[in-house]
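> With the sequence up front, the predicted model follows.
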Amino acid sequence: MHRWSKLFIPTLREAPADAEVASHKFLIRAGYIRQLGAGIYNYLFLGQRSLNKIIGIVREEMDQIGQEFFLPAILPKELWIESGRWSGMGDNMFRLKDRKGADLCLGMTHEEVMTSIARSELRSYKQLPQIWYQIQTKFRDEPRPKSGLLRVRQFTMKDSYSFDIDAAGLDKSFDLHDAVYRKIFTRCGLKFVAVEADSGAMGGSQSQEFMVYTDAGEDLIASCPVCDYAANLEKATSRLEPVAEVEPTGDGNPELVHTPDCAAIASVAEFFKISPASDIKCVAYMGLKRGQSGKPDTWHGVASFLRGDHQVNETKLMGAVGAADLRTMLPEELELFFKGPAGYLGPVGLKHNEKPLEEGLTVVVDQSLEGRKNLVAGANKSDYHLRNVIPGRDFTWTLMADIRSVNEGEACPTDNCGGKLVVGKAVEVGHIFKLGYKYSESMGARVLDLNGKQVTPIMGSYGIGIERILTAAIEQSNDENGFWLPASIAPFTVVVTVTNVSDAALRDAGEKLAEELAATGLDVLLDDRNERAGVKFKDADLVGIPYRINVGKKVASGFIELVSRDKATSIDVALADIVAQVKQRVAEEALLTAVED
RNA sequence: CGGGGCGUGGCGCAGCCUGGUAGCGCAUCUGCUUUGGGAGCAGAGGGUCGGAGGUUCGAAUCCUCUCGCCCCGACCA
């Protein structure tokens, strides 16, 4: 049992002016955290207590499938040179030198270290599979820390890594993590959704994120209200309605048309009296190709063509051409590759590469243009467009791929579903990922298989953002007075508020009650401060404790009040029944966050 | 990095434009009263005005540089 009067819980009546999202404001107002620098926070008593409960749940569940390690946070350069990420991580990596001048970095993830253990210790398929995890501080020099604990430069992550003999084994390790993650987030009381995610430059085969819907989130999720389809917008696909093609003009071949002041899609559509879906849009990029084996990185022209009413999905485009980065083309580059100005770019007559990201221009055409007819496109000449353009007949491409972003209201891609996709903002609390052979291969991890042949183990990596669980929980449960956490992760389960400590009878009743509750194993906070009742009620509402017991005048007749923070409901309970009542409430709530074993 | 904004007691702000002894609310401390939704009265303490340089008789205020923080875009747990 803890006494509020002895604790450091610096609650604030007002939030700092620069806090924008609810969780940021309340974490500070409730005395959970204090800021030390951009994206760097002190965790105070209540905050640390809640994080410790989250860590406890994560550890308990992870122990069901893996083994806990604890790796260093300060890491030598050499490992990262081997994996190619010393340069690949760029400015996101905190770097430092030791007294001898040797390069070190602060760990932002631990594939390299885990793989180094695996390669020096694992020798036989008989030792596989292995799942190793740790709960540890990560350092990432984010370009823009923001929103309190949502995006920070130092945070706690549970990261795990699996080593399997083959792809089937990896599938199993992946599925084990999927199941355990669901248990963890359920026990933490999060309303989460698992979505398909982009596997990006990491080159893995499957990637799934665990997301909690909130407007504070930075990701966009497309989901189907009918079936269970859900995907990060970076990855999401949809089924398009067929488009009514326009009739050809003249002999049906491309025809040059004078189109003054028609640089915008809308004005082109207006000019030709067509839907933007019958116009070909061009977005021109420069794509970054990572230099192989010590060679410098290079930029190459990438022209993307898609329907006028669609938007380029840069994540998909990068994946399609294998670029490490994209930027838009400068005017002089447009002139070089297209001989034409922005607004009048088109695919007809363009010379393109056979392979992406080589000398010359890489032309990428979105799938939705396949089989289309009689389209309008820029003529690569100021104030001119072409009509009657047919993909394949009038122009070709380096590659055709899905490079567009889906829009809300488009049809779900699942066969025979028919649902309309909705798009919502969410925060990522976990990510599970089939890595493949990238690290085991490059760093030389090998084991002998059943036949005595040397093989490379296949890896997976899996992360949970500890602080993000707390942040997401606050985002999903708050009102103007504060927030409430599920009992499983709240710093205390119940606060016993003595309305007037100068009344000895109330004080004694509160003491006795708090002792009794604590004796049953509940986390009890006794508010024994010499403050007015209103102050204590306000504080109790603020700090995230799910239950409150008011010890007031009704004690004289043997009653106290039990208040549930979430619904702000209060009932009178006989003193003799209160311990049982609280236990029952907590048990009922626990049922909601219970997981099957 | 590009764009925008802000730095004045612990927190929230005013003062700056038009230079002239730094103010308000909350919080803190003392005393008395009060005690079920952030109490009242009386008194007290606390600020190199982010930092450096400059202009001026005189700078929180004007100029230059610099540091920090927040927000919007490219990354990720």
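Okay, I see it.
> per-residue pLDDT, whichever residue of the stretch 451-597 of chain A sits closest to RNA strand B?
Closest to RNA strand B within the stretch 451-597 of chain A is residue A:552: 1.6 Å, counting by Cβ to the nearest atom of the strand. The C-beta positions use only the backbone N, C-alpha and C, and glycine is treated the same way. What the model reports for residue A:552 is a pLDDT of 95.
> Surely it is in contact with residue A:536?
No. Using Cβ atoms under 8 Å, residue A:552 is not in contact with residue A:536; the gap is 10.9 Å.
> Give me the common contacts of the two.
Taking Cβ atoms under 8 Å, 6 or more residues apart in numbering as the contact rule, residue A:552 and residue A:536 both touch residue A:499.
> between these two, which one's more packed in?
Comparing residue A:552 with residue A:536 by other Cβ atoms under 10 Å, the one with more neighbours is residue A:536, at 22 against 18.
> who's in contact with the more buried one?
With contacts defined as Cβ under 8 Å, 6+ apart, residue A:536 is in contact with A:497, A:499, A:527, A:529.
> element containing the residue of the stretch 151-300 of chain A found nearest RNA strand B, please.
Closest residue of the stretch 151-300 of chain A to RNA strand B, Cβ to the nearest atom of the strand: residue A:155 (3.8 Å). Using DSSP states H and E, residue A:155 sits in strand A:154-164.
> and the longest helix along chain A, what does it pack onto?
What stands out as the longest helix in chain A, according to DSSP state H, is helix A:167-187. With contacts taken as 3 or more Cβ pairs under 8 Å, 6 or more residues apart in numbering; DSSP states H and E, helix A:167-187 sits against helix A:45-62, strand A:130-139, strand A:154-164, strand A:192-196, strand A:207-213, strand A:422-436, strand A:458-465.
> make it 10 Å
helix A:45-62, strand A:130-139, strand A:154-164, strand A:192-196, strand A:207-213, strand A:422-436, strand A:458-465, helix A:466-476 (3 or more Cβ pairs under 10 Å, 6 or more residues apart in numbering; DSSP states H and E).
> angle of the fifth one against helix A:167-187?
For strand A:207-213 and helix A:167-187, the angle between their directions (axes from the mean of the first three to the mean of the last three Cα atoms, to 10 degrees) works out to 10 degrees.
> Check which element follows strand A:207-213 along the chain.
Assigned by DSSP H and E, the successor of strand A:207-213 is strand A:219-223.
> Output that next one as CSV, nothing but the C-alphas.
Only the C-alpha atoms of strand A:219-223 are listed here, as CSV (Å, rounded to 0.1, in the frame of the first residue of the first chain):
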residue,chain,number,x,y,z
ASP,A,219,-0.2,5.6,-40.1
LEU,A,220,-3.2,5.2,-42.4
ILE,A,221,-5.0,1.8,-42.4
ALA,A,222,-7.4,0.6,-45.0
SER,A,223,-9.8,-1.9,-43.7
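> For it, which strands pair with it and how are they oriented?
strand A:230-232 (antiparallel), strand A:422-436 (antiparallel) (DSSP bridges).
> ok now the shortest one, how far from the chain's centre?
On the basis of Cα atoms, centre = their mean, to the nearest Å, strand A:230-232 is displaced by 11 Å from the centre of the chain it belongs to.
> Sweet, I'm off.
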